[in-house]
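Visitor: okay, here's the prediction I keep looking at, along with the sequence it came from:
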Amino acid sequence: MKGNTAKSFFPIGIVAGILLGVVIGSIHPETGIRIGILGRLFLNALKMIALPLIVISITLSVLSLGHTKTLGSLTVKTLTYYLITTSIAVLIGIILVTVIEPGKGGKTQIKDIPQAIFEKREIGISDVILSFIPSNIVEAALGFQILPLIFVSILFGTALATLGKESAIITQILEVLNKALMKIVEWIILFTPIGILGLISERIGLEGGGDAVLKLALSLGKYVGTVLLGLAIHGFIVLPVILLLVARYNPVLYASKLGKALITAFVTASSSATLPLTMKGAIEEAHVSPEVGRFVLPLGATINMDGTALYEAVAVIFIAQSYGIQFGIVELIIVFFTSTLAAIGAAGIPEAGLVTMVLVLEAVGLPTEGIGLILTVDWLLDRFRTVVNVWGDCVGAAIIDRKHKGTTCLQITGEE
Ligand code: ASP
């Protein structure tokens with residue numbers, strides 16, 4: 001009863017957090033920045049729990065899949081889904097930016113580019129591949145590098161699975177640890193409204209108020225509009241239709257179970273920090289089976305980024321248009337492949353896509369300085385693309401779950 005009352009008040013808390021954050025950040029930017037500490041505490045708590053959760057849940061998932069010998073087919077299905085949906089997203093981006101031409105005749109000024117982007121100039125395909133296998137696991141964990149940890153967890157889970165009955169005790173321990181971590185996630189969730197309030201008020205405060213944010217968005221209006229339109233088509237039409245047709249799930253019902261995760265993706269701009277809530281929503285509330293969700297969701301948070309891929313393609317072609325360069329079919333094909341790769345290589349952290357964009361720019365011979373054209377609005381667009389990234393991961397989990405076990409969790413009718 002008590003739990004139910006808290007549950008029904010929760011959405012009100014979230015809405016209040018958003019509104020209060022906007023109001024405080026807009027009316028009194030300094031106070032907005034000061035209460036940003038609440039948001040950072042929330043973000044720290046999510047990141048704190050994300051790493052052990054990833055390692056334990058992937059190991060557990062691989063262990064159970066390893067026992068049933070379905071790990072290989074699940075991996076193939078997962079990667080196929082990622083590639084297909086990411087390609088669709090990039091294609092939407094390329095078509096929209098080519099038709100709308102937001103950069104044509106633009107007189108946008110180039111801003112100073114952060115050092116981090118220059119340092120990534122040498123990034124190449126081999127770097128993305130090399131990042132899979134860590135030479136030092138502790139260093140990878142310290143640097144919040146998730147891909148190497150996923151690799152190690154898959155390896156560890158597979159090795160444990162080969163031990164047969166001997167690994168039963170480890171499985172039991174990991175299950176208990178996983179339950180304890182999920183309990184902590186539940187406690188962190190209680191602070192979501194306060195975290196949202198802090199994150200929103202600080203961001204708006206840092207920009208100098210709500211007016212400034214609006215002006216900023218309007219300053220690159222056509223470009224911002226093209227990215228948002230692309231994300232909306234992918235998030236509201238393409239992914240729900242795939243969910244409905246392939247998995248026979250009700251997209252509205254599914255999205256409602258993932259509300260906390262999607263809002264958190266927006267305010268944190270980080271798929272990895274959102275992961276604990278994504279897993280809680282998909283597995284515990286939408287009933288995606290644990291062995292599938294525990295594998296597909298952490299992997300997706302790291303390599304499946306539909307929103308980022310779409311954004312990379314739009315941004316690079318926009319930069320070319322701003323320089324007065326018209327891309328031919330060959331350049332567009334290069335943009336298609338490198339944007340996909342850049343999205344796979346981007347970490348699930350704020351503005352990671354901006355850094356890996358260097359790879360796409362260099363592939364088509366554009367200067368890194370071009371990033372300066374879109375720098376000011378990147379933090380804003382980052383939030384929208386992160387929501388689509390997380391939504392894409394969740395849709396993937398439902399589809400792969402359906403393909404894996406052949407039954408549905410949330411039916412079209414809404415029955416569970
Ligand atoms: N912030 C995005 C994410 O975490 C990555 C990016 O596009 O910058 O999913």
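Guide: Perfect, thanks for sending it. As the structure is a prediction and not an experimental result, all values here were calculated from the model. Numbering: from 1, shown residues only.

Visitor: what's the biggest helix by length in the chain packed up against?
Guide: With residue count as the measure and DSSP state H as the assignment, the chain has helix 36-68 as its longest helix. When contacts are defined as 3 or more C-beta pairs under 8 Å, 6 or more residues apart in numbering; DSSP states H and E, helix 36-68 packs onto helix 71-100, helix 146-162, helix 168-190, helix 192-207, helix 259-268, helix 271-279, helix 290-303. Bear in mind the C-beta positions are built from the backbone N, C-alpha and C, glycine included.

Visitor: list the buried residues for it?
Guide: 36, 38-39, 42-43, 45-47, 49-67 (16 or more other C-beta atoms under 10 Å).

Visitor: so what touches stretch 284-300?
Guide: 53-54, 57-58, 60-62, 64-65, 74, 78, 82, 146, 150, 182, 254, 257-258, 271, 275, 278-279, 282-283, 392-394, 396-398, 400-401, 404-405, 409-410, 416 (C-beta atoms under 8 Å, 6 or more residues apart in numbering).

Visitor: cross-check those against the ligand and keep the overlap.
Guide: residue 271 (C-beta under 6 Å from any ligand atom).

Visitor: still on that earlier bit, and the longest helix of the chain, average pLDDT?
Guide: Along helix 36-68, the predicted confidence averages to a pLDDT of 89.

Visitor: angle of it against helix 192-207?
Guide: Direction vectors for helix 36-68 and helix 192-207, defined by axes from the mean of the first three to the mean of the last three C-alpha atoms, to 10 degrees, enclose an angle of 120 degrees.

Visitor: dump the residue contacts of the residue of the stretch 101-250 of the chain found nearest the ligand.
Guide: Across the stretch 101-250 of the chain, the shortest distance to the ligand (C-beta to the nearest ligand atom) belongs to residue 146, at 10.5 Å. Residue 146 makes contacts with 50-51, 54, 272, 298, 301-302, 347-348, as judged by C-beta under 8 Å, 6+ apart.

Visitor: what's the PyMOL line that selects buried ones from the contacts of stretch 284-300?
Guide: The buried residues among these can be selected in PyMOL (16+ other C-beta under 10 Å) with this line:
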select buried, resi 53+54+57+58+60+61+62+64+65+74+78+82+146+150+182+254+257+258+271+275+278+279+282+283+392+393+394+396+397+398+400+401+404+409+410
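
Visitor: could you check the angle helix 71-100 makes with the longest helix of the chain?
Guide: Angle, helix 36-68 to helix 71-100, by the same axes, to 10 degrees: 130 degrees.

Visitor: for residue 416, report the pLDDT, please.
Guide: 45.

Visitor: ditto for residue 203
Guide: pLDDT recorded at residue 203 is 86.

Visitor: just residue 254 next, same as before
Guide: The pLDDT attached to residue 254 in the predicted structure is 95.

Visitor: wait, it sits on residue 243?
Guide: Yes: contact status for residue 254 versus residue 243: in contact at 6.6 Å, counting by C-beta atoms under 8 Å.

Visitor: what touches both of the two?
Guide: Contact criterion C-beta under 8 Å, 6+ apart; residues bridging residue 254 and residue 243 by contacting each: 395, 398.

Visitor: which among the contacts of residue 146 gets closest to residue 166?
Guide: Proximity of the contacts of residue 146 to residue 166 (C-beta to C-beta) peaks at residue 54, which lies at 24.5 Å.

Visitor: leaving out chain neighbours, which residue sits closest to the closest one?
Guide: By the measure of C-beta to C-beta, 6 or more residues apart in numbering, the closest residue to residue 54 outside its immediate chain neighbours is residue 298, 4.5 Å from it.

Visitor: that neighbour: how many residues sit nearby?
Guide: Using other C-beta atoms under 10 Å, residue 298 has 28 neighbouring residues.

Visitor: next one: the one 3 residues further on
Guide: For residue 301, the number of neighbouring residues by other C-beta under 10 Å comes to 27.

Visitor: please name the residues that touch it.
Guide: With C-beta under 8 Å, 6+ apart as the criterion, the residues that contact residue 301 are 146, 271-272, 274-275, 278, 348, 389-390, 393.

Visitor: most widely separated two among those?
Guide: Pairwise distances across those peak at 14.3 Å for 146 and 390 (criterion: C-beta to C-beta).

Visitor: I'd say residue 42 and residue 188 touch.
Guide: Yes: contact criterion C-beta under 8 Å: residue 42 and residue 188 qualify, at 7.3 Å.

Visitor: for residue 304, what are its contacts?
Guide: Residue 304 makes contact with 81-82, 85-86, 389, 392-393, 396, according to C-beta under 8 Å, 6+ apart.

Visitor: I'd like the contacts of residue 146 as JSON lines, with distance to residue 377 appended.
Guide: Converted to JSON lines, the contacts of residue 146 look like this (distance: C-beta to C-beta, whole Å):
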{"residue": "50", "distance to residue 377": "27"}
{"residue": "51", "distance to residue 377": "31"}
{"residue": "54", "distance to residue 377": "31"}
{"residue": "272", "distance to residue 377": "23"}
{"residue": "298", "distance to residue 377": "30"}
{"residue": "301", "distance to residue 377": "24"}
{"residue": "302", "distance to residue 377": "25"}
{"residue": "347", "distance to residue 377": "21"}
{"residue": "348", "distance to residue 377": "20"}
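
Visitor: any idea how far the closest residue to residue 263 other than its chain neighbours is from the ligand?
Guide: What sits nearest to residue 263 in space, not counting adjacent residues and going by C-beta to C-beta, 6+ apart, is residue 14, at 6.1 Å. In this structure, residue 14 and the ligand are 20 Å apart, going by C-beta to the nearest ligand atom, to the nearest Å.
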